[in-house]
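> Generate a structure from the sequence data that follows.
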Amino acid sequence: MQNYELLYIVPNQYTDEEAKKIKEKIDAMLQSYGAVIGLEEDMGKKKLAYPIGQTAHGYYFLTEFELEAGANLAKINNDLCLDKEILRAQIVTKQKLTPEQIEKAKKREAARAKMMKESADKEAAKPAEQSAKPEKKKADIKNLDDKLEEMLKTDDLV
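Okay, the predicted model is just below:
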């Protein structure tokens, strides 16, 4: 069996409940072709990178599944393209992750999130440090005028 990943977008014209019903319909269609659904992720409502027709926002859904026959993959792709409730859909092959690889990925993501939080905390602390620095004394204009007069009195000037 080959592992695949399906990412599809449901247009914003549908409500959250309707989008979830469309997702269930797509899952049922996949199973009717013999696909074994694994990881499913509702990525939520997001702005599209560019408008498609009159649509600027959509509900993103990610589904991983296993499928045995390649002919069924073409049928699934064709059904997704013809479905008027799906704005865009893309199927890619994906290597199936072992539980160890999933655990490593989670640890990496947790470490990355911790680093991002620390750097954000440092950035937030910087303005407080800058305000704590003593202000430089501004030069007195009278002193500057006196120094300028002194310089101009010399005979070295060309």
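
> list the helices and strands the lowest-mean-pLDDT helix or strand in the chain packs on?
Every helix and strand in the chain was compared by mean pLDDT, DSSP states H and E; the lowest is helix 99-132, with a mean of 76. The contact analysis (3 or more CB pairs under 8 Å, 6 or more residues apart in numbering; DSSP states H and E) places helix 99-132 against no helix or strand. Bear in mind the C-beta positions are built from the backbone N, C-alpha and C, glycine included.

> so how far is it from its chain's centroid?
Mean-position distance between helix 99-132 and its chain equals 16 Å (CA atoms, centre = their mean, to the nearest Å).

> Go ahead and name everything in contact with the next helix or strand after that helix.
As assigned by DSSP states H and E, the chain's next helix or strand after helix 99-132 is helix 141-153. Where contact means CB atoms under 8 Å, 6 or more residues apart in numbering, no residue beyond helix 141-153 reaches it.

> Where do the domain boundaries of the chain fall?
2-96, 97-131 (automatic domain parsing).

> D140 is nearest to which of the ones you listed?
Checking the domains of the chain against D140 by CB to CB gives domain 97-131 as the closest, at 24.7 Å.

> per-residue pLDDT, L157?
For L157, the model assigns a pLDDT of 58.

> My error: substitute A71 in the last question.
With respect to pLDDT, A71 scores 77.

> Sounds good, over and out.
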